[in-house]
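# any chance you could fold what I've pasted below:
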Amino acid sequence: MAVTLRLKRCGSKGRPFYRVVAMDSRKKRNGRAIEVVGTYNPMDDPPSIRLNLDRLEHWYQCGAQASETVQRLVRQQKRMTQADA
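The predicted model follows:
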């Protein structure tokens, strides 16, 4: 089974909210996820990103591939945590 780290859309029409999930790459976008590893809310100002970096690292070690959007969100999250430190 090929695991992908990608976004799952939630929220109502015109008010998107996303969950960052680990799921089988053959499943549909909003299909059943293996694990929820974070959230992304683009409607906040600035957009809020909450990721469990330990679980993301676990999935990377298991061979999971992240989508381009998730890779971008991880980079932003790491930059924000480094700026806070």
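# need the residues that contact stretch 38-55.
With C-beta atoms under 8 Å, 6 or more residues apart in numbering as the contact definition, stretch 38-55 has outside contacts at 7, 11, 15-20, 22, 35, 37, 56, 73-74, 76-78, 80. Just so you know, the C-beta spots here come from the backbone N, C-alpha and C atoms, and that holds for glycine as well.
# that stretch: how far from the chain's middle?
8 Å (C-alpha atoms, centre = their mean, to the nearest Å).
# C-alpha coordinates for that stretch, CSV please?
What follows is stretch 38-55 as a C-alpha-only set of coordinates in CSV (Å, rounded to 0.1, in the frame of the first residue of the first chain):
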residue,chain,number,x,y,z
GLY,A,38,-2.6,18.1,11.3
THR,A,39,-4.9,20.8,10.2
TYR,A,40,-4.7,23.8,7.9
ASN,A,41,-7.2,26.7,7.9
PRO,A,42,-6.7,29.1,5.1
MET,A,43,-9.6,31.3,6.2
ASP,A,44,-7.8,32.6,9.3
ASP,A,45,-5.6,35.7,9.0
PRO,A,46,-2.8,34.7,8.8
PRO,A,47,-3.7,31.1,7.8
SER,A,48,-3.3,28.7,10.7
ILE,A,49,-1.2,25.5,10.3
ARG,A,50,-1.1,22.9,13.1
LEU,A,51,1.0,19.8,12.3
ASN,A,52,2.3,17.0,14.5
LEU,A,53,5.8,17.0,13.2
ASP,A,54,6.7,13.8,15.1
ARG,A,55,3.9,11.8,13.3
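# tell me which residues in it are buried?
Judged by neighbour count (16 or more other C-beta atoms under 10 Å), stretch 38-55 contains these buried residues: Gly38, Thr39, Tyr40, Ile49, Leu51, Arg55.
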